[in-house]
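Chemist: Provided below for reference: sequence and predicted model.
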Amino acid sequence: MCRLIPFGVLDGREIPLIELSDGRCAVELLPYGAAIRTLRVPDREGRMTDICLGYDDVESYRALDACLGGTIGRCANRIGGAQFTIDGTTYHVTANEGENCLHGGVEGFHKKLWDFTCAEDAVTFTYTSPDGEEGFPGTVRVEVTYRLADGTLTIEYRAAAEKDTVVNLTNHAYFNLGGHDSGEVGGHVLTVRADRYTPTDSGNVPTGMLASVEGTLLDLRTPTALESRLHDGAFNGGRGYDHNYALSGGEQPASELWCPATGIGLAMTTSMEGMQLYTAGWLTERAGKDGAVYGPAQGVCLETQHFPNAVNCPAFPSPILRSGETLHQWTTFRFFTR
């Protein structure tokens, strides 16, 4: 079931919340950023628990960083040197993280107001990114469909370009399976089915190589409690995870996250080859929903994607969308308790 709930006004335009419910779970979506604001699922005792970080007003989504719940594009993650070359033409895009481009530039897709249409169990958001936006070539029409059914949230991405360009889309939900207001996620147990990851330079930009997770703190192939990994000064400067994994593929979930305190778990599957695991080490203190105060290490992001900087790394799967082609990608989150 889909219903609209008044939420706020932005530049004179009414901004609703769009709620989908399957009778077991419910998700609230925003046309600003095509974002997930709330995701309510039952814990092991049947109590409904909101497991996504979000804000109480639309202006916070526009004013604050961190991309809470937003759709990321035109190119998720980092482009080294904020430039790339397609068929001999070099394009310079917005450098918004030092000399690099992060999450599409200063005003990526998470900072755009999307159009939407509702169906019984789904919402489809559409946005047309004009040629030259943030320096990217070609007009691109993007569709993001959220579908909630049988305790599973599916996100489908489609895009078509009028000119060869770079497209890499993801969602930046911050999951806290103890409840969005429950503090740090150290008690969570995480599994990532990946034998390799993409090493980076000092700017967290992949160098074009793949390395084994064997013998490192990046090895999450068996269920691992996050507690000891979030503030270890010898690991990523005490900021926890902000790493891209080369997923192993196959029919099994690419990642599984579980909270022993509530019994809530999620199993993620995807068509994408990469996933940025981010444990919110750079999330600065801020006011969240319902009086909550968010800060570092209070969420887990499972950002399915092409590899970061893939457009500059010939050995990586290409994020180039050719004119006349249609991109179709998907990610699912199945919720369970145990």
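Modeler: That came through fine. Numbers count the residues shown, from 1 in each chain.

Chemist: And for Pro6, the neighbour number?
Modeler: As a burial measure, the neighbour count of Pro6 was computed by other CB atoms under 10 Å and equals 9. The way it works is simple: take the backbone N, C-alpha and C, and place the C-beta from them, glycine included.

Chemist: From Asp164, how far off is the residue of the chain most remote from its centre?
Modeler: Distance from the centre of the chain peaks at Gly88, with 31.0 Å (CA atoms, centre = their mean). Computed with CB to CB, to the nearest Å, the distance linking Gly88 and Asp164 is 11 Å.

Chemist: do Tyr61 as well
Modeler: Per CB to CB, Tyr61 is found 32 Å from Asp164.

Chemist: which one of those two has more residues nearby?
Modeler: When neighbours are counted by other CB under 10 Å, Tyr61 and Asp164 differ, and Tyr61 comes out ahead with 25 against 16.

Chemist: residues contacting the more buried one?
Modeler: For Tyr61, the contacting residues are 30, 32-33, 35, 55, 68, 70, taking CB atoms under 8 Å, 6 or more residues apart in numbering as the criterion.

Chemist: what do you get for Arg338?
Modeler: With the criterion set at CB under 8 Å, 6+ apart, Arg338 makes contact with 44, 258, 263, 265.

Chemist: and which of the residues you listed is nearest to Ala234?
Modeler: Set against Ala234, the nearest of the contacts of Arg338 by CB to CB is Trp258 (25.9 Å).

Chemist: Show me what that closest one bridges to in the sheet.
Modeler: Beta-bridge pairing of Trp258 under DSSP bridges involves Val189, Gly265.

Chemist: do the same with Val293
Modeler: Ala287.

Chemist: what's the answer for Ala149, then?
Modeler: Partner residues in beta bridges with Ala149: Thr152, with DSSP bridges as the criterion.

Chemist: Isn't it up against Asp121?
Modeler: Yes: Ala149 is in contact with Asp121 according to CB atoms under 8 Å; the separation is 5.3 Å.

Chemist: shared neighbours of those two, anything?
Modeler: Taking CB under 8 Å, 6+ apart as the criterion, Ala149 and Asp121 both touch Asp22.

Chemist: Check the spacing between the nearest residue to Pro130 once chain neighbours are set aside and Val311 real quick.
Modeler: Excluding the flanking residues, the one nearest Pro130 by CB to CB, 6 or more residues apart in numbering is Thr139, at 5.6 Å. Per CB to CB, Thr139 is found 18 Å from Val311.

Chemist: which one of the two has more residues nearby?
Modeler: Set side by side, Thr139 and Val311 show unequal neighbour counts under other CB under 10 Å, the larger going to Val311 at 23 against 16.

Chemist: who's the closest residue to the more buried one other than its chain neighbours bridged to?
Modeler: Distance criterion CB to CB, 6+ apart; nearest residue to Val311, sequence neighbours excluded, is Phe84 at 4.2 Å. With DSSP bridges as the criterion, the beta-bridge partners of Phe84 are Tyr91.
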